[in-house]
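Asks: sequence and predicted structure, then a few things I'm wondering about:
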Amino acid sequence: ACSALALSACGGQSKDASSSAPKADKVYRVAANAEFAPFESLDSAGNVEGFDVDLMNAMAKTGNFKVEFKHQPWDSLFPALKNGDTDIIISGVTITDERKQSMDFTDPYFEITQVVLVPKGKKVTSSDDLKNMAKVGVVTGQTGDFSVSKLLGNDNPKIARFESVPLVIKELENGGVDAVVSDSAVIANYVKNNPTKSMDFITLPDFTIENYGIAARKGDEATVKMLNEALKKVRDSGEYDKIYAKYNTTADKFQQSLEWYARNPKRLEQIYTNVKTRIDNLQADVESYKFHPESKLIDELKALDTVN
């Protein structure tokens, strides 16, 4: 997925990164598209909340700088960065080489991959299954869009593009698309919180690991340095782990793994066969050592026993 970050247009920012100390009176404007739970969403009062918000607030506290959040449409985030209408954008932005050409990123703070969301019972085992579908839904400009475009071709009429994750998922629920490709943590969150929708998600080997970063205006080294220092402190203090656990529990991951293997019994059988083969080979080695005491291993053990 993506989002962007921009610095205040007032007076500009020096490219000198010798000091990352925040200005005492500056409030950094943080933009996000709050349609990307669990990273960003709106609460009942219209305030932005989620993993990214908690992380940025923790960074601001430890880094001694002030932030204010603003929800914006997805397609307005990068222009806001370029035009200086916002200072920081944290919104599940995947770090890519292409994006690095127009903005700067902090160190990675979250790892994801693209997954395929489909109605339960629909089999998807390879990219060929996506190619054979009538319509595949994505969010315009997110890395799900990039991944599907790479598979099917950017102008393929089978790709249906939408403005946000909720909109493309709603289209899947209504039968307007056969599948949705988007970020793993976001899709897993939807499946977990909407059990009555009877949806499932599948990981394909075609989709590689991605890393989220916080974006800053190109050349604004001071802000990137300030954010990186704060991020490191949040990680070192254990606060990051608390935020991670709040939105992504180990139990949830374990349960998801069990459910995945329940849906893919042949893979479980393959793992069992591989493990059994390794155990059989190990037992054969043990028997070999038993009946060949002159082996190097036995000699080494005897030498150690003598020393002791």
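Replies: All right, it came through fine. Residues are numbered from 1 along each chain as shown.

Asks: only C-alpha atoms for contact and neighbour calcs from this point on.
Replies: OK.

Asks: now the closest residue to residue 134 other than its chain neighbours: phi and psi?
Replies: Leaving aside its chain neighbours, residue 134 sits nearest to residue 158 (5.8 Å; criterion: Cα to Cα, 6 or more residues apart in numbering). Dihedral pair for residue 158: phi -70, psi -20, per degrees, to the nearest 10.

Asks: go on, the one 5 residues further on?
Replies: Residue 163 adopts backbone torsions of phi -80, psi -20, taken as degrees, to the nearest 10.

Asks: count of residues packed around it?
Replies: Counted with other Cα atoms under 10 Å, residues neighbouring residue 163 total 16.

Asks: ok, now how distant is it from residue 269?
Replies: 41 Å (Cα to Cα, to the nearest Å).

Asks: same check on residue 184?
Replies: With distances taken as Cα to Cα, residue 184 is found 25 Å from residue 269.

Asks: more crowded one of those two?
Replies: Neighbour count, other Cα under 10 Å: between residue 184 and residue 269, residue 184 has more, with 19 against 12.

Asks: show the pLDDT at the more buried one.
Replies: pLDDT recorded at residue 184 is 91.

Asks: try the one 10 residues further on
Replies: At residue 194, the pLDDT value in this model is 94.

Asks: could you check how far it is from residue 169?
Replies: Taking Cα to Cα, one finds residue 194 at 11 Å from residue 169.

Asks: okay, the two: which has more neighbours?
Replies: residue 169 (25 against 11).

Asks: quick one: average confidence on stretch 135-152?
Replies: 95.

Asks: hang on, I meant stretch 72-87
Replies: So the average pLDDT for stretch 72-87 ends up being 91.

Asks: can you check stretch 277-296 too?
Replies: 65.

Asks: just stretch 236-245 next, same as before
Replies: 93.

Asks: would you mind listing the buried residues in that stretch?
Replies: Neighbour-count burial for stretch 236-245 flags 239, 240, 243 (criterion: 16 or more other Cα atoms under 10 Å).

Asks: mind putting these in JSON lines, distance to residue 76 and secondary structure included?
Replies: JSON lines is the format used below for the buried residues of stretch 236-245 (distance: Cα to Cα, whole Å; DSSP: H, G, I helix; E, B strand; the rest coil):
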{"residue": "239", "distance to residue 76": "31", "secondary structure": "helix"}
{"residue": "240", "distance to residue 76": "28", "secondary structure": "helix"}
{"residue": "243", "distance to residue 76": "27", "secondary structure": "helix"}
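
Asks: make TSV from the residues you listed and add distance to residue 132 to it.
Replies: Shown next, in TSV, are the buried residues of stretch 236-245 (distance: Cα to Cα, whole Å):
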residue	distance to residue 132
239	45
240	41
243	40
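
Asks: any idea which of those is closest to residue 69?
Replies: Nearest to residue 69 among the buried residues of stretch 236-245: residue 243, at 18.0 Å, using Cα to Cα.

Asks: pretty sure the closest one is touching residue 50, no?
Replies: No - taking contacts as Cα atoms under 8 Å, residue 243 lies outside contact range of residue 50: 9.5 Å.

Asks: list the contacts for the closest residue to residue 38 other than its chain neighbours?
Replies: If the residues on either side of it in the chain are set aside, residue 38 comes closest to residue 50, at 5.5 Å by Cα to Cα, 6+ apart. By Cα atoms under 8 Å, 6 or more residues apart in numbering, the contact list for residue 50 reads 37, 38, 39, 40, 41.
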